[in-house]
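# what's the 3D shape of this:
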Amino acid sequence: MNIGYRRVSGKIGLTSFELGQRGSWVEKRIALINYLKSKNHTISFLSSFTDETKSFVKNNVEDYNLLILEFGRNNLLQNGKDWEQTNAIVKKHIGHIIFICDDPDLSYHWNMLKNEDFSRWTILVNAKNKESCKKALKIPDKARILDIPFHHFLKKSNFSNSKIPNVVYIGNSSGRNKIFQNLTLSKHLIISGRAKEWLDYPNLRLTIMPQQKDRMQFYKMFYGCLAVCDNKHNETQWRTGRAYHGLHSGIPVLTIKGNLALNWGYNISNYQEIDSFITLSNEKRQEIYAKQSEIAQNDKGDIEKLDEIF
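Predicted coordinates for the structure are as follows:
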């Protein structure tokens with residue numbers, strides 16, 4: 001099968017050298033592309049490449065009979081031209097369309113597609129509660145929704161014998177302010193983020209954010225990582241990326257109670273539990289990591305239904 005692949009807005013990176021501090025779905029994209037190629041499919045990229053990728057991949061556009069659209073920036077003021085180009089591709093294509101969405105805040109602008117037949121669309125979400133996803137992402141009624149745990153396309157990782165006795169959180173506190181007011185009281189929590197986004201936390205221990213290409217090695221240094229979900233992640237039971245980034249790097253994950261998709265056996269609710277985690281032996285942390293890896297591996301969602309598409 002010939003597949004046309006486009007990120008709805010923004011450039012596509014396909015190397016382990018990608019820059020940028022905010023996640024841009026690089027590891028999962030590469031793993032998914034490799035999976036598709038293992039099925040003997042041909043991929044034609046319909047987006048421009050990042051500078052890091054231009055030297056490695058040629059963008060030879062061919063005819064395709066399946067169109068895959070990957071979520072991206074959806075601010076029309078900043079990315080309107082990209083969205084116009086994406087919608088033009090949708091209108092020209094006459095076959096099946098797949099929309100990959102691994103962020104509940106980055107849905108498609110469905111209302112831009114006038115008179116569209118959404119029965120030809122399959123929406124791949126990384127969440128267990130598909131009905132809640134349908135509401136959160138405002139997915140049209142006729143579209144099919146599948147729960148796809150995209151971490152299954154990644155290679156299995158080994159436990160990292162970390163050296164820094166702290167738990168790390170990468171990102172900001174948006175939508176999670178109440179819990180962070182408590183968690184930042186921990187003397188063993190390190191926030192990897194931008195200072196201007198953490199001005200309301202006087203007890204904060206702040207460090208720089210790693211580049212995309214360095215994130216895995218950055219995580220490996222710490223005893224564990226923290227995954228904190230907002231209400232939308234909890235309601236949709238979204239497999240929040242931070243948890244899987246940490247697990248893929250080889251360290252156990254501390255999750256906050258509330259998201260049933262991340263009920264991994266080490267849920268916490270206050271800063272004292274972060275400090276208690278740091279006292280655990282290396283063997284105990286490895287045991288926690290092994291259990292979490294097993295749970296993640298057994299969490300298959302609708303992944304077997306992909307065989308009906310590819």
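# Please, where are all the strands along the stretch 151-300 of the chain?
Ranges of strands in the stretch 151-300 of the chain, per DSSP state E, counting those that start in this stretch, are 164-170, 189-192, 206-207, 222-227, 253-256, 267-268.
# model confidence over the third one, on average?
For strand 206-207, mean pLDDT is 96.
# For it, enumerate the helices and strands it packs against.
strand 189-192 (3 or more CB pairs under 8 Å, 6 or more residues apart in numbering; DSSP states H and E). Heads up, the C-betas are built off the backbone N, CA and C, glycines and all.
# what lines up beside the strand it packs on in the sheet?
Each strand paired with strand 189-192, and its direction, by DSSP bridges: strand 164-170 (parallel), strand 206-207 (parallel).
# hmm, back to that, tell me which of the strands of the stretch 151-300 of the chain sits nearest to Ile94.
Across those, Ile94 has its closest neighbour in strand 222-227 (41.0 Å, CB to CB).
# What part of the protein, helix or strand, is modelled with the least confidence?
Within the chain, no helix or strand scores below helix 51-54, which has a mean of 89 by mean pLDDT, DSSP states H and E.
# Identify all contacting residues around it.
Here helix 51-54 makes contact (CB atoms under 8 Å, 6 or more residues apart in numbering) with Lys11, Ile12, Gly13, Leu14, Thr15, Phe17, Glu18, Leu19.
# mind redoing it with 10 Å?
Applying CB atoms under 10 Å, 6 or more residues apart in numbering, the external contacts of helix 51-54 come out as 11-20, 26, 45, 48, 59, 212-213.
# Now, of these, which are buried?
Buried by 16 or more other CB atoms under 10 Å: Lys11, Ile12, Gly13, Leu14, Thr15, Phe17, Glu18, Val26, Phe45, Gln212, Lys213, out of the contacts of helix 51-54.
# Against Lys220, how distant is Lys187?
Per CB to CB, to the nearest Å, Lys187 is found 22 Å from Lys220.
# And Ser48, by the same measure?
32 Å.
# Could you identify which of the strands paired with strand 189-192 is most buried?
Burial of the strands paired with strand 189-192 is given as mean neighbour count (mean count of other CB atoms under 10 Å); strand 164-170 ranks first at a mean of 20.
# count of neighbours near Thr42?
Using other CB atoms under 10 Å, Thr42 has 14 neighbouring residues.
# What's opposite it in the beta bridge?
Using DSSP bridges, the bridge partners assigned to Thr42 are Asn2.
# residues touching it, list them.
Listed by CB under 10 Å, 6+ apart, the contact partners of Thr42 are Met1, Asn2, Ile3, Gly4, Leu36, Asn60, Glu62, Asp63, Tyr64.
# switch the cut-off to 8 Å
Neighbour list for Thr42: Met1, Asn2, Ile3, Glu62, Tyr64 [criterion: CB under 8 Å, 6+ apart].
# Tabulate the residues you listed (a markdown table), appending pLDDT.
Output for the contacts of Thr42, formatted as a markdown table (pLDDT from 0 to 100):
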| residue | pLDDT |
| --- | --- |
| Met1 | 91 |
| Asn2 | 93 |
| Ile3 | 96 |
| Glu62 | 71 |
| Tyr64 | 93 |
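# This completes my enquiry, with thanks.
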